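Asks: Provided below for reference: sequence and predicted model.
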Amino acid sequence: MKTALITGITGQDGSYLAEFLLGKGYEVHGIVRRASMFNRSRIEHLRADPEIYGKRLFLHYADLQDATPLRRILQKSAPDEIYHLAGQSHVGLSFDIPESTVHEVATATLSILEICRDLPKLPRFYHASSSEVFGSPDDSPQTERTPYRPENPYGCSKAFATQMVRVYRKAHGLFAVSGIAYNHESSRRGENFVTKKIVRSAAEIAKGGSQPLVLGNLDSERDWGFAPEYVEAMWLMLQHEVPQDLVLATGSPCSVRSFTKDAFAAAGIQVAFEGEGESEIGRNELTGETIVRVSPEFFRKIDTTRLVGDPQAALNAIGWRARTIGGDVARKMLLAEM
Ligand code: NAP
């Protein structure tokens, strides 16, 4: 039986990855942090299963900003594979809390790499990097060769961590890779992400709610995929013979406007957009009621409008491709929300 350690097991991706690895017969160790409210909702079903919890799934307390317990846990669990997913994951918020974002996303990744270096058995290491390393790139789609020009504290931190992973691979011979992942969503997405906000609002309005959905830039485009498919790519990257950073993307851009239309349509509501920029609104085609408004409050300080990844290298190297794309993601999320 292989042993895996997941940082961020309580997050969207960590919870799907834990299910995936348990399904493959792994012993799974997860790192959780202390909070004033017990926060395990995404893995509660695994914790409640007496065949799994305490037998093949083990949770350990540690915070990313605290290297000593991390070292202890890694030494004790002696994982074959580490999936490092933990960290502040919200781009917009990283402007408000840049220092803790840098500590959690950049410095903590370096600390874990340092710990790995000293372990008697070198684990394979996956780092959850992000398309935000590219900033506002000149080329579209972006590939593994696109230069890093991050434009927010989150992207800067991920860029540092991604480069460090490469350094440890080249200088210390660690099997360490970064998945440069584009946005991937699911019903387990955090409450303050735009896709979750859209589907939640569409479901509420479909059930008779009257509170309009307030969004930022409707022209912003993202490469939206489906999270459970991305955790499979993480695993495949660690099974590959050669350690290699890969872009994980659908290759299809989808605007916030289009995602919103698809989510509402899945809830049985057709939205007609009118106006431009900050004065654009979306009306319920049937009733004429305003159900979508735009507010400058939700515009990013610096927005990357052309982020779309080239999935070809991942297909060639590990045979992975995203199957659920853009509008299909919106429909899946909406159904789960309803
Ligand atoms: P998420 O839902 O926000 O989960 C983040 C996880 O990190 C949670 O388990 C959280 O614990 C944990 N965490 C945060 N700060 C921590 C700290 N100081 N100490 C210990 N644990 C901490 O994020 P996700 O969507 O699953 O994404 C996983 C990773 O992939 C993240 O690194 C993210 O930046 C990266 N990524 C995600 C996407 C995407 O579209 N989802 C795209 C590119 C890259 P709590 O549950 O206690 O908060």
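Replies: Good, I have the coordinates.

Asks: can you tell me which residues contact the residue of the stretch 201-338 of the chain found nearest the ligand?
Replies: Closest contact between the stretch 201-338 of the chain and the ligand, by C-beta to the nearest ligand atom, is at Ala227 (6.3 Å). Every C-beta, even on glycine, is put in place using the N, C-alpha and C of the backbone. Listed by C-beta atoms under 8 Å, 6 or more residues apart in numbering, the contact set of Ala227 reads Gln12, Asp13, Tyr16, His184, Glu185, Ser186, Arg188, Arg189.

Asks: Mind checking which of those residues are in strands?
Replies: Within the contacts of Ala227, residues falling in strands by DSSP state E are His184, Glu185.

Asks: near the ligand too, which of the contacts of Ala227?
Replies: The residues of the contacts of Ala227 that also fall near the ligand, by C-beta under 6 Å from any ligand atom, are Gln12, Asp13, His184.

Asks: I'd like these laid out as TSV, including pLDDT and neighbour count.
Replies: Formatted as TSV, these follow (pLDDT from 0 to 100; neighbours: other C-beta atoms under 10 Å):
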residue	pLDDT	neighbour count
Gln12	97	24
Asp13	98	26
His184	97	26
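
Asks: okay if I get those as TSV plus distance to His90?
Replies: Formatted as TSV, those follow (distance: C-beta to C-beta, whole Å):
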residue	distance to His90
Gln12	12
Asp13	14
His184	14
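
Asks: Point out the residues in the protein that sit beside the ligand.
Replies: Proximity of the chain to the ligand, by C-beta under 6 Å from any ligand atom, involves residues 8, 10-14, 33, 35, 39, 63-65, 85-89, 104, 128, 130, 181, 183-184, 190.

Asks: Quick one: buried ones out of the residues you listed?
Replies: Restricting those to buried positions leaves 8, 10-14, 64, 85-89, 104, 128, 130, 181, 183-184, with burial counted as 16 or more other C-beta atoms under 10 Å.

Asks: Can you report how many residues neighbour Gly155?
Replies: 25 (other C-beta atoms under 10 Å).

Asks: pLDDT value on it, please?
Replies: The model reports Gly155 with a pLDDT of 97.

Asks: Pull the contacting residues for His90.
Replies: By C-beta under 8 Å, 6+ apart, the contact set of His90 is Tyr154, Gly190, Asn192, Phe193.
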